[in-house]
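[1] A structural model of the following input is requested.
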Amino acid sequence: DDPVWHASVESIRRGRTFPVASLWGLLEDRLSVEIGKIWSDIAASSNHDDIESIVRTHITLLAERLRAPSGF
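    Down below sits the predicted model:
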């Protein structure tokens, strides 16, 4: 009897799902699009030290847009 498998089965039986968040699908869509843009910018960059800056810039701008009243 595999203890990891047993724990997984018990978690499925007793576990709870995350509560439904309003507009989560839209947020997920926006994040997915932004991740695509991040990868494009990383691929176009000749300076691989810039990766953290690229990610930070995209995610920060996305967060600002989503916080704005018309972000969705």
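[2] what sits closest to residue 54 if chain neighbours are left out?
    Taking CB to CB, 6 or more residues apart in numbering, and ignoring the residues beside it in sequence, residue 54 has residue 41 as its nearest neighbour in space, at 4.8 Å. Every C-beta, even on glycine, is put in place using the N, C-alpha and C of the backbone.
[3] could you check which helix or strand contains the spatially most central residue of the chain?
    Among the residues of the chain, the one closest to the centroid is residue 31, at 5.8 Å (CA atoms, centre = their mean). Using DSSP states H and E, residue 31 maps to helix 24-44.
[4] just the CA atoms of that helix, as CSV, please.
    As requested, C-alpha coordinates have been extracted for helix 24-44 and formatted as CSV (Å, rounded to 0.1, in the frame of the first residue of the first chain):
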residue,chain,number,x,y,z
TRP,A,24,-11.5,34.8,-12.3
GLY,A,25,-11.9,33.6,-15.9
LEU,A,26,-11.3,37.1,-17.2
LEU,A,27,-8.2,37.5,-14.9
GLU,A,28,-6.8,34.2,-16.1
ASP,A,29,-7.3,35.3,-19.7
ARG,A,30,-5.5,38.6,-19.2
LEU,A,31,-2.7,36.9,-17.4
SER,A,32,-2.4,34.3,-20.2
VAL,A,33,-2.1,37.0,-22.8
GLU,A,34,0.5,38.9,-20.7
ILE,A,35,2.6,35.7,-20.3
GLY,A,36,2.7,35.4,-24.1
LYS,A,37,3.9,39.0,-24.3
ILE,A,38,6.6,38.3,-21.7
TRP,A,39,7.9,35.3,-23.6
SER,A,40,8.0,37.4,-26.8
ASP,A,41,10.0,40.1,-25.2
ILE,A,42,12.4,37.6,-23.6
ALA,A,43,12.9,36.0,-27.0
ALA,A,44,13.5,39.4,-28.7
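[5] what about the nearest residue in space to residue 21 that is not next to it in sequence, how many neighbours?
    Closest residue to residue 21 in three dimensions, ignoring its sequence neighbours and counting by CB to CB, 6+ apart: residue 27, at 7.9 Å. A count of nearby residues for residue 27, using other CB atoms under 10 Å, gives 15.
[6] ok, residue 55 to residue 37 distance?
    The gap separating residue 55 from residue 37 is 10 Å, by CB to CB, to the nearest Å.
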